[in-house]
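In: using only what follows, build the 3D model:
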Amino acid sequence: MTSFADACMAWSEKSEDRLLAVFRRSVELLADELIKTQANGGRLPHKTGNLMRSLVGQIGSMPNQGGPDQRYSGSDVGVIVAQTLLGDDVFLGFQANYARRMNYGFVGQDSLGRTYNQTGAGFVEYAKDAWPEIVKQAAEEIKQGVDGGH
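Out: Residues are numbered from 1 along each chain as shown. Below you'll find the model as predicted:
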């Protein structure tokens, strides 16, 4: 027969595993929200897909911005999420050097003398505001996977 202490330890280990699964899934869903294009019900502007592909993840600090005219092949968020442990600070950021302008907008001349009057899309703030619902969704998904929702 299993002792009470053993049962508590097993329950604690399962709880920690589930908490980690919810955390990891929440980060994945946040990344999905960040790159959801306007055409698909999100806020991210989409012309060539480069901005969307420039989303990267990093543990411990914000990812660096890329260089001008850099082309991106795809996100590494899934790889980062798989390495994440409870207590880690996970940062998601767009490397495309124009991401800030696309999110916040820009009025004025750029360094090349081009004039802009561009409204921001607010995709970062929108995803941030969705965080509580994202975590709730992740918890429900993990719960469904663990015990069929019971």
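In: assign the most centrally placed residue in the chain to helix, strand or coil.
Out: Nearest to the mean C-alpha position of the chain, by CA atoms, centre = their mean, lies residue 31 at 2.7 Å. Using DSSP: H, G, I helix; E, B strand; the rest coil, the three-state assignment for residue 31 comes out as helix.
In: so how far is stretch 116-133 off the chain centroid?
Out: How far stretch 116-133 lies from its chain's middle: 13 Å, per CA atoms, centre = their mean, to the nearest Å.
In: what are the C-alpha coordinates of it, in PDB please?
Out: C-alpha atoms of stretch 116-133 as PDB (Å, rounded to 0.1, in the frame of the first residue of the first chain):
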ATOM      1  CA  TYR A 116       5.300  58.100 -43.400                       C
ATOM      2  CA  ASN A 117       1.900  58.600 -41.800                       C
ATOM      3  CA  GLN A 118       1.300  55.100 -40.700                       C
ATOM      4  CA  THR A 119      -1.100  53.900 -38.100                       C
ATOM      5  CA  GLY A 120       0.000  51.200 -35.700                       C
ATOM      6  CA  ALA A 121      -1.600  47.800 -35.700                       C
ATOM      7  CA  GLY A 122      -1.200  47.200 -32.000                       C
ATOM      8  CA  PHE A 123      -0.600  43.500 -32.400                       C
ATOM      9  CA  VAL A 124       1.700  43.300 -29.400                       C
ATOM     10  CA  GLU A 125      -0.700  45.000 -27.000                       C
ATOM     11  CA  TYR A 126      -3.600  43.000 -28.300                       C
ATOM     12  CA  ALA A 127      -1.700  39.700 -27.600                       C
ATOM     13  CA  LYS A 128      -0.700  41.000 -24.200                       C
ATOM     14  CA  ASP A 129      -4.300  41.800 -23.300                       C
ATOM     15  CA  ALA A 130      -5.300  38.300 -24.400                       C
ATOM     16  CA  TRP A 131      -2.800  36.600 -22.000                       C
ATOM     17  CA  PRO A 132      -5.300  35.800 -19.300                       C
ATOM     18  CA  GLU A 133      -7.600  34.000 -21.800                       C
END
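In: buried set for it?
Out: 120-121, 123-124, 126-127, 130 (16 or more other CB atoms under 10 Å). In short, each C-beta sits where N, CA and C put it, glycine included.
In: can you check stretch 90-97 too?
Out: 90, 92-96.
In: same thing with stretch 35-45?
Out: 35-37, 42-45.
In: lovely, talk soon.
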